[in-house]
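> just need the structure, nothing else, for what follows:
(one chain, ligands or ions: 2)
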Amino acid sequence: MWHSDIGGGPISAKRKLTLVLQLSPSGDYEGGTLEVMPGAQVLEASRAQGSVTVFPSFMLHQVTPVRSGVRHSLTVWAHGPAFR
Ligand SMILES: O=C(O)CCC(=O)C(=O)O
Ligand SMILES: [Fe+2]
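Ligands and ions are numbered 1, 2, ... in the order given. Here you go, the predicted structure:
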């Protein structure tokens, strides 16, 4: 589901950068691709195990449904003053 990582709470509102680390080998699962929408186009993030995708936390993104297998990822949020 498309979403932004900026939340309404006092901590989640301060999210500035989102970092997603692909923990699983891409062959372990079908579907489960991270997609980011920086503008009119949709970009597919690398599925390679160990790759890191970084984008502004306000940017819309989603993970397509995992159709089979198991996908693990690690999300890290860096906080800071909002972009302006
Ligand atoms: O697992 C991913 O690739 C992204 C997860 C995500 O969007 C999030 O944790 O907010
Ligand atoms: Fe997210």
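> what does stretch 75-84 contact?
Stretch 75-84 is contacted from outside by 5, 11, 14-21, 56-58, using C-beta atoms under 8 Å, 6 or more residues apart in numbering. C-betas here are computed from N, CA, C, even on glycine.
> stretch 52-68 too?
1-6, 15-22, 29-38, 45-46, 71, 73, 77, 83.
> which one is residue 2 nearest to, not counting chain neighbours?
Excluding its sequence neighbours, the residue lying closest to residue 2 (C-beta to C-beta, 6 or more residues apart in numbering) is residue 62, at 4.6 Å.
> bridging residues for that neighbour?
Legend: beta-bridge partners of residue 62 under DSSP bridges are residue 35.
> use 24 as the first number from now on
All set: I'll call the first residue 24, so the last point we hit is now residue 85.
> nearest residue to the middle of the protein?
residue 43 (5.3 Å; C-alpha atoms, centre = their mean).
> nothing else from me, thank you.
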